[in-house]
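1. coords below, sequence missing:
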């Protein structure tokens, strides 16, 4: 069974560039007029508009307010009191009336070092919020980049599947004409039609995945449904600029671990504060006034000292809650410090494996399949192979290029996860 040259062109003369690197970063043809979004632009939009990061930044006001209160000279405000009394003496000589005026001020003092612990807790809490914001920014950059690369890979996949669908459809038409002319069998025509339909279904499925990926990317960028992004960029691996040792060294000082340490310091300072609150505060006051009738007016100066007796309440509830929070913060920090190096090592090994897989596909598999295309073309022209052998060869080429796109996406996703886990803001 021989095929005309049109069938050979439809199935075998597929430019390698059309499969591996579509124009404009893999953007679908119907969207070519739409502005293409680069990764730096996507990251900038996410940082300016993402509500999660903005909500985290809003927490700074509460932490700064706590620091302002903690820096005050005294925790409580002084109490000013004024008292005016009108007296009247009833005597046989007639009524006598006069006014008496008293004024005073009282101040409560903490005597167990509470201001020190309160300031330490407030400053550590402010540090924790700032570090949380930095960690949130790193995690958001990684998540936006992951969604960006998924859109980029699916754009290339749509271009690949579109080319495959067109080529298989053209081949099916050629085989059908040959069957009508009695040159091919019904089985050959049915096989060609099935392959064409499978290619169209695969294209439709990939387009659906691309639409979902674009909507997922639009969410952190705060873009409307009319502004679903079309992206451009490079999916292939590049030089990392770091090794596993550098990542492990950076992971020990990443914002997430520092935030957990600051939160633990704040919790332990609050525990000390609550323990110090068991000691009663002392209130000192001074009062001055005038008493007596106008002819016998007396000036009075009074000093007062009041101390609550800690007989029934010893602040046990607040101390227990603060102790629980301190223990929980310590457990979270220790767990993160223990798990982070393990996660970094596992992700690093996976990244190296993915790089090797990509290199094997680019260096060995794809060139071999390209050679098979040439051999299939000559064998087809010589009548040495039939339709089924031709479809198998081209199906292998299609699957291999799909595998390459999947490996490239896995590589970029793993790299971003690795850098986010180590708290490393590397290449975008």
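-> Great, that's in hand. Remember, predicted model here, so these are calculated numbers, not experimental data.
2. how about residue 242, secondary structure?
-> Classification of residue 242 by DSSP: H, G, I helix; E, B strand; the rest coil places it in coil.
3. isn't it up against residue 418?
-> No - using CB atoms under 8 Å, residue 242 is not in contact with residue 418; the gap is 9.8 Å. C-beta here means a position set from N, CA and C on the backbone, and glycine is covered the same way.
4. who has more neighbours, those two?
-> residue 418 (24 against 17; other CB atoms under 10 Å).
5. longest helix of the chain?
-> Secondary structure of the chain read by DSSP state H shows that its longest helix is helix 114-180.
6. helices and strands around the helix or strand where residue 48 lies, which ones?
-> Residue 48 is part of helix 39-49 when elements are defined by DSSP states H and E. Here helix 39-49 touches helix 114-180, helix 186-221, going by 3 or more CB pairs under 8 Å, 6 or more residues apart in numbering; DSSP states H and E.
7. just want the angle from the shortest one to helix 39-49.
-> Pointing back at helix 186-221 there. Using axes from the mean of the first three to the mean of the last three CA atoms, to 10 degrees, the inter-axis angle of helix 186-221 relative to helix 39-49 is 40 degrees.
8. please point out which parts of helix 186-221 sit buried.
-> 188-189, 191-193, 195-196, 199-200, 202-203, 206-207, 209-210, 213-214, 217-218, 220-221 (16 or more other CB atoms under 10 Å).
9. follow-up on the earlier one: contacts for the helix holding residue 48 next, please.
-> Defining contact as CB atoms under 8 Å, 6 or more residues apart in numbering, one finds that helix 39-49 is touched by 53, 137, 140-141, 144-145, 148, 217, 220-223, 229, 231, 233, 428.
10. next one: stretch 228-237
-> 24-28, 31, 34-39, 42, 148-149, 151-153, 155-156, 211, 214-215, 217-218, 221, 223, 355, 358, 405, 408-409, 411-412, 415.
11. same question, stretch 185-203
-> In contact with stretch 185-203 (CB under 8 Å, 6+ apart) are residues 1, 158, 161-162, 164-165, 167-169, 171-172, 174-176, 178-179, 386-388, 391, 395.
12. of these, buried ones?
-> By 16+ other CB under 10 Å, these give 158, 161-162, 164-165, 167-169, 171-172, 174-176, 178-179, 386-387, 391 as buried.
13. what packs against the helix or strand hosting residue 419?
-> Using DSSP H and E, residue 419 sits in helix 387-421. When contacts are defined as 3+ CB pairs under 8 Å, 6+ apart, helix 387-421 packs onto helix 5-12, helix 16-20, helix 114-180, helix 186-221, helix 244-251, helix 316-360, helix 366-381.
14. I'd like those helices as CSV, with mean pLDDT and distance to residue 268 appended.
-> Shown next, in CSV, are the helices and strands packed on helix 387-421 (pLDDT from 0 to 100; distance: least, CB to CB, whole Å):
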stretch, mean pLDDT, distance to residue 268
helix 5-12, 41, 71
helix 16-20, 42, 56
helix 114-180, 90, 8
helix 186-221, 89, 35
helix 244-251, 89, 24
helix 316-360, 92, 5
helix 366-381, 68, 58
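15. and residue 61, which of those helices is closest to it?
-> For the helices and strands packed on helix 387-421, the distance to residue 61 is smallest for helix 114-180, at 9.7 Å, taking CB to CB.
16. and the closest one with helix 316-360, angle?
-> Relative orientation of helix 114-180 versus helix 316-360 (the same axes, to 10 degrees): 30 degrees.
17. just want the angle from helix 114-180 to helix 387-421.
-> For helix 114-180 against helix 387-421, the angle by the same axes, to 10 degrees is 170 degrees.
18. and helix 114-180, what does it pack onto?
-> helix 5-12, helix 16-20, helix 39-49, helix 51-70, helix 186-221, strand 230-231, helix 255-276, helix 387-421.
19. chain center to it: distance?
-> Its chain's C-alpha centre lies 11 Å from the corresponding centre of helix 114-180 when counted by CA atoms, centre = their mean, to the nearest Å.
20. same question for stretch 106-115.
-> 43 Å.
21. with stretch 35-46 instead?
-> On the basis of CA atoms, centre = their mean, stretch 35-46 sits 16 Å off its chain's mean C-alpha point.
22. repeat that for stretch 66-75.
-> The answer for stretch 66-75 is 34 Å, by CA atoms, centre = their mean.
23. buried set for it?
-> Applying 16+ other CB under 10 Å to stretch 66-75 flags 66, 70 as buried.
24. residues in contact with that stretch: which ones?
-> 107-110, 114-115, 118-119, 121-123, 125-126.
25. quick one: mean pLDDT for it?
-> Averaged across stretch 66-75, pLDDT comes to 90.
26. end to end on that stretch, go ahead and measure it.
-> One end of stretch 66-75 sits 12 Å from the other (CA to CA, to the nearest Å).
27. what's the span of stretch 101-121, first residue to last?
-> First-to-last distance for stretch 101-121 - CA to CA - comes to 44 Å.
28. starting at the chain centroid, how far to it?
-> What separates the centre of stretch 101-121 from the centre of its chain is 43 Å, taken as CA atoms, centre = their mean.
29. check stretch 82-92 too.
-> Here stretch 82-92 shows a centroid-to-chain-centroid distance of 73 Å under the convention CA atoms, centre = their mean.
30. contact partners of that stretch?
-> Contacts of stretch 82-92 (CB under 8 Å, 6+ apart): 95-104, 289, 293.
31. derive a PyMOL selection command for the buried subset of those residues.
-> In PyMOL, this line selects whichever of the contacts of stretch 82-92 come out buried by 16+ other CB under 10 Å:
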select buried, resi 98+100+102+104+289
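32. inside helices: which ones of the contacts of stretch 82-92?
-> Those of the contacts of stretch 82-92 lying in helices (DSSP H): none at all.
33. how about JSON lines for the contacts of stretch 82-92, with pLDDT added?
-> As requested, the contacts of stretch 82-92 are exported to JSON lines (pLDDT from 0 to 100):
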{"residue": "95", "pLDDT": "64"}
{"residue": "96", "pLDDT": "78"}
{"residue": "97", "pLDDT": "80"}
{"residue": "98", "pLDDT": "79"}
{"residue": "99", "pLDDT": "84"}
{"residue": "100", "pLDDT": "84"}
{"residue": "101", "pLDDT": "88"}
{"residue": "102", "pLDDT": "90"}
{"residue": "103", "pLDDT": "93"}
{"residue": "104", "pLDDT": "93"}
{"residue": "289", "pLDDT": "88"}
{"residue": "293", "pLDDT": "76"}
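34. got the contacts of stretch 82-92 as CSV, with distance to residue 83 columns?
-> Shown next, in CSV, are these (distance: CB to CB, whole Å):
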residue, distance to residue 83
95, 23
96, 21
97, 17
98, 15
99, 11
100, 8
101, 7
102, 4
103, 7
104, 8
289, 7
293, 18
